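[1] below are the sequence and a predicted model for it; my questions follow.
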Amino acid sequence: MPDPRTQASAAGPAPDPRLSVERAADLGEEDLHALAEAATAAILDGGGFGWLAPPGRGELERYFRGVLLVPERELYVGRMDGAIVAAAQLVRPPRNNEAQAFAAWFMHAFTAPYARGHGVARLVLERVEEGARARGYQILNLDVRETQHAAIALYESLGFLRWGTHPAYARVDGRTLAGHYYYKLLQPRGRAS
Ligand SMILES: CC(C)(COP(=O)(O)OP(=O)(O)OC[C@H]1O[C@@H](n2cnc3c(N)ncnc32)[C@H](O)[C@@H]1OP(=O)(O)O)[C@@H](O)C(=O)NCCC(=O)NCCS
């Protein structure tokens with residue numbers, strides 16, 4: 001069974017030793033506060049997994065508590081010096097969706113602006129991929145607004161392939177934005193199409 005905390009990246013330079021990533025099965029009060037704080041800062045900065053304005057710490061804490069209860073969702077958190085500064089979700093297909101049972105989604109990724117540029121999002125995504133692979137998923141899907149350039153660079157650097165663009169993907173400040181759709185083959189020897 002893989003170590004739930006990942007300290008090492010599969011490729012590239014050694015990660016910052018202050019970073020760690022884990023799948024969160026439960027979160028204490030301190031962790032929930034830090035997660036809500038990180039999410040609020042990311043939303044204020046313009047990249048908050050759909051929210052355009054922060055809904056308030058209490059609502060974000062309830063949101064993350066709810067995520068932990070959804071059977072198809074796995075919450076991964078990235079820490080710097082022990083404090084949560086990043087998160088993302090692995091979303092598995094519902095049981096009725098047998099036709100797409102081989103594919104999972106990477107969603108709702110963010111790093112708090114005060115912790116960016118240290119490699120935590122890369123570690124989170126690698127850990128989510130590892131989790132999806134371990135569960136036997138052959139494909140990891142994701143989508144991203146055209147304006148999220150850092151995220152796009154991250155996904156492409158990790159081998160995600162852009163297969164399409166939705167011209168009316170999101171509406172931000174009255175502007176309609178396109179969004180890009182990506183996938184990655186997790187088990188190259190499996191049949192994916
Ligand atoms: C995208 C995001 C999660 C990256 O977080 P991060 O922890 O700073 O990223 P990392 O330090 O792990 O960087 C990983 C890679 O992302 C890319 N990247 C990160 N910041 C970047 C920037 N400012 N410009 C261009 N590429 C960037 C690079 O490819 C980088 O790899 P490198 O350091 O080897 O060059 C963060 O910028 C964020 O939260 N953005 C707003 C929310 C968002 O876009 N979420 C994704 C929605 S699908």
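    That came through fine. Residues are numbered from 1 along each chain as shown.
[2] SS state for G131?
    Under DSSP: H, G, I helix; E, B strand; the rest coil, G131 falls in the helix class.
[3] would you agree it is in contact with R23?
    Yes: with the criterion set as CB atoms under 8 Å, G131 and R23 qualify as a contacting pair; they are 6.3 Å apart. C-beta here means a position set from N, CA and C on the backbone, and glycine is covered the same way.
[4] more neighbours, those two?
    More neighbours sit around G131 than around the other of G131 and R23, counting by other CB atoms under 10 Å; the figures are 20 against 17.
[5] per-residue pLDDT, the nearest residue to L186 once chain neighbours are set aside?
    Counting by CB to CB, 6 or more residues apart in numbering, R133 is the residue found nearest to L186 once chain neighbours are left out, at 4.8 Å. Looking at R133, its pLDDT stands at 97.
[6] same question for R5.
    pLDDT, R5: 39.
[7] swap in N141?
    Model confidence at N141, given as pLDDT, is 98.
[8] from L52, how far off is the residue sitting furthest away from the middle of the chain?
    Relative to the C-alpha centroid of the chain, counting by CA atoms, centre = their mean, G174 is the outermost residue, at 25.9 Å. With distances defined as CB to CB, to the nearest Å, the gap from G174 to L52 amounts to 11 Å.
[9] which residues touch A168?
    Neighbouring residues of A168 by CB atoms under 8 Å, 6 or more residues apart in numbering: 176, 178.
[10] so it sits in a helix?
    No: looking at A168 with three-state DSSP, it is strand, so not inside a helix.
[11] and A134, how many neighbours?
    Residues contacting A134 under the criterion other CB under 10 Å number 11.
[12] before we move on, what about F110?
    Neighbour tally, F110, other CB under 10 Å: 25.
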